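S.K.: prediction below, plus the sequence it came from.
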Amino acid sequence: MTEHIDPKIAPLDFLKHLYDVAVSRALPLHNIAAFLPSPTKGRTVVVGAGKAAGAMAHALEALWPQDASLSGLVVTRYDHTPPRPNGLKHRIEIVEAAHPVPDTAGVEATKRIKHILQGLTADDLVICLISGGGSSLLTLPAIGLTLEDKQRINSQLLESGASISEMNCVRKHLSQIKGGRLAASCYPAKVVTLLISDVPGDDPSIIASGPTVADKSTCKEAIAVLNRYQIEVPEPVRTALQEGLLETLKPEDPALAGHEVYLIATPKQSLDAAANSARNAGINAYVLSDEIEGESREVGKVHAAIARSVMAHGVPFQRPCVILSGGETTVTIRKHPPGTPRGRGGRAGEFCMGLALALQGQADVYALAADTDGIDGVENNAGAFVTPATLSAASQEGLNLSEYLDRNDAYGFFEPIGGLFFTGPTHTNVNDFRAMLLL
């Protein structure tokens with residue numbers, strides 16, 4: 001329990017504990033029961049995708065009546081299938097594929113899902129399990145696009161600094177499965193979608209690019225995003241976008257009638273759980289926001305400014321305190337000279353570099369930034385720590401923080417000084433977790 005961790009003696013352990021509390025609050029087995037529909041007289045088919053899809057499937061199998069119909073397939077990221085609980089009957093298949101750039105395994109799994117949904121009737125029930133990461137894992141390129149095209153476009157979007165809503169606008173309009181099209185494949189069966197949110201604002205149409213919900217974005221907006229970030233698509237596809245031929249399902253579409261959508265876990269719930277845990281340990285806790293977006297390094301600088309104000313003036317918060325925030329920041333990959341090693345790391349590490357640079361070794365300020373899925377970008381760490389000794393430790397290793405920030409190399413900076421934070425896959429995903437402890 002938090003009460004047994006003295007933040008003044010073990011500040012990093014205290015921050016790790018708050019992260020664990022936040023993740024635990026978002027685990028499917030702790031949240032899904034209240035939202036399960038009743039079995040119907042027909043078939044119950046389960047489909048879905050995301051980093052939490054395996055854990056969601058296990059939770060559903062454990063809670064669904066053993067004598068009731070249940071079958072299906074979900075897609076999760078490689079190495080993100082949780083261990084199957086002892087004695088749990090295997091009824092939902094879990095397939096693994098690539099994230100954040102889609103691969104052939106994801107395409108084949110998506111084709112199988114569409115096949116499973118064929119021939120459903122109004123007596124049948126489809127339960128869709130959707131969590132963050134589903135955009136890459138549930139992949140079926142629009143007519144005229146190859147998988148290689150989708151991989152290139154996805155990679156360019158990830159490196160462009162585009163927001164999650166901008167990326168998903170493009171993904172939805174270049175897909176045969178996103179933007180409500182999966183729901184259309186379920187018609188006329190009843191559809192219940194259970195979501196774990198990883199996006200600012202918890203908009204169901206953005207989570208995993210909304211495969212089972214209506215989409216208000218348009219082909220015109222998708223073209224604008226492609227133009228804004230100078231991303232090329234095959235000319236026939238661009239023409240189809242311009243003519244509105246790749247439009248997504250809109251709210252009035254009859255295929256969505258009677259569809260039920262529930263958020264079973266959100267970033268705000270996890271941040272509030274961490275804040276309550278800190279307060280139970282006698283530490284003031286403040287949640288800035290669960291919807292912070294923007295360049296990771298710049299968000300780090302803003303957090304540093306708040307910390308310095310608290311330390312110097314006691315405003316806007318009273319210490320000792322924990323300052324928490326979430327959301328989904330972005331990293332714009334900087335061009336670097338030929339022959340320079342490509343940076344390694346994700347948005348949590350980039351935030352920590354920006355924070356450390358701005359704090360300049362500020363005494364009594366400790367921080368942890370990590371992704372709640374346990375993976376920061378494409379590396380094997382969840383995030384990184386910042387302490388008053390971060391810059392001095394880097395100096396002893398001959399590391400120049402500004403140089404590492406210039407090439408987006410958070411992993412390379414924090415690894416030699418023991419600043420990386422490892423958890424392995426957590427089997428959930430409610431996006432960024434950031435905590436600053438001010439003593």
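M.R.: Happy to help now that I have it. Numbering: from 1, shown residues only.
S.K.: right, and residue 217 touches residue 167 too?
M.R.: No: taking Cβ atoms under 8 Å as the definition, residue 217 is not a contact partner of residue 167, at 11.4 Å. Backbone N, C-alpha and C define where each C-beta goes, glycine included.
S.K.: residue 409: what's its closest spatial neighbour, skipping adjacent residues?
M.R.: Computed as Cβ to Cβ, 6 or more residues apart in numbering, the closest residue to residue 409 that is not its neighbour in sequence is residue 343, at 3.5 Å.
S.K.: dump the residue contacts of the residue lying closest to residue 11 once chain neighbours are set aside.
M.R.: With sequence-adjacent residues excluded and distances taken as Cβ to Cβ, 6+ apart, residue 11 is closest to residue 366, at 4.2 Å. Shown in contact with residue 366 (Cβ atoms under 8 Å, 6 or more residues apart in numbering): 11, 12, 15, 385, 386, 387, 388, 436, 437, 439.
S.K.: do residue 273 as well
M.R.: Taking Cβ under 8 Å, 6+ apart, we find residue 273 in contact with 21, 22, 24, 25.
S.K.: and the second one, what are its phi and psi?
M.R.: When quoted as degrees, to the nearest 10, the phi and psi of residue 22 stand at phi -60, psi -40.
S.K.: likewise residue 77?
M.R.: Torsion angles, degrees, to the nearest 10, at residue 77: phi -70, psi 150.
S.K.: who does it bridge with?
M.R.: residue 97 (DSSP bridges).
S.K.: tally of neighbours for it?
M.R.: Applying other Cβ atoms under 10 Å, we find 26 residues neighbouring residue 77.
S.K.: likewise for the one 5 residues further on?
M.R.: Burial of residue 82 is recorded as 21 neighbouring residues (other Cβ under 10 Å).
S.K.: residue 147 now?
M.R.: 15.
S.K.: likewise residue 296?
M.R.: When neighbours are counted by other Cβ under 10 Å, residue 296 comes out with 29.
S.K.: what segments of the stretch 101-250 of the chain are strands?
M.R.: Using DSSP state E, counting those that start in this stretch, the strands of the stretch 101-250 of the chain run over residues 125-131, 190-196.
S.K.: hey, C-alpha coordinates of the first one in PDB?
M.R.: So that's strand 125-131. Taking Å, rounded to 0.1, in the frame of the first residue of the first chain, the C-alpha atoms of strand 125-131 are listed here in PDB:
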ATOM      1  CA  LEU A 125     -25.200 -10.600 -30.700                       C
ATOM      2  CA  VAL A 126     -21.800  -9.200 -31.500                       C
ATOM      3  CA  ILE A 127     -19.500  -7.900 -28.700                       C
ATOM      4  CA  CYS A 128     -16.700  -5.700 -30.000                       C
ATOM      5  CA  LEU A 129     -13.700  -5.300 -27.700                       C
ATOM      6  CA  ILE A 130     -11.800  -2.200 -28.700                       C
ATOM      7  CA  SER A 131      -8.700  -0.600 -27.100                       C
END
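S.K.: below-threshold pLDDT in the chain: ranges please.
M.R.: 1-3, 336-341 (pLDDT under 70).
S.K.: try it again at 50.
M.R.: Applying pLDDT under 50 to the chain flags the ranges 1-2.
S.K.: longest helix of it?
M.R.: helix 296-313 (DSSP state H).
S.K.: that one - contacts with which helices or strands?
M.R.: Helix 296-313 makes packing contacts with strand 321-325, helix 347-359, strand 365-371, strand 432-438 when contacts are defined by 3 or more Cβ pairs under 8 Å, 6 or more residues apart in numbering; DSSP states H and E.
S.K.: contacts for it?
M.R.: With contacts defined as Cβ under 8 Å, 6+ apart, helix 296-313 is touched by 288, 292, 315-319, 321, 323, 325, 329-331, 347-348, 350-359, 362-365, 367, 369, 405, 434, 436, 438.
S.K.: give the ChimeraX command for selecting the buried subset of the residues you listed.
M.R.: In ChimeraX, this line selects whichever of the contacts of helix 296-313 come out buried by 16 or more other Cβ atoms under 10 Å:
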select :288,292,317,319,321,323,325,329,330,331,347,348,350,351,352,353,354,355,356,357,358,359,362,365,367,369,405,434,436,438
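S.K.: residue 285 in helix, strand or coil?
M.R.: strand (DSSP: H, G, I helix; E, B strand; the rest coil).
S.K.: quick one: contacts for it?
M.R.: Per Cβ under 8 Å, 6+ apart, neighbours of residue 285: 274, 275, 276, 278, 279, 321, 322, 323, 324.
S.K.: domain ranges for the chain?
M.R.: Residue ranges for the domains of the chain, per automatic domain parsing: 2-24+267-438, 28-140+175-214+249-265.
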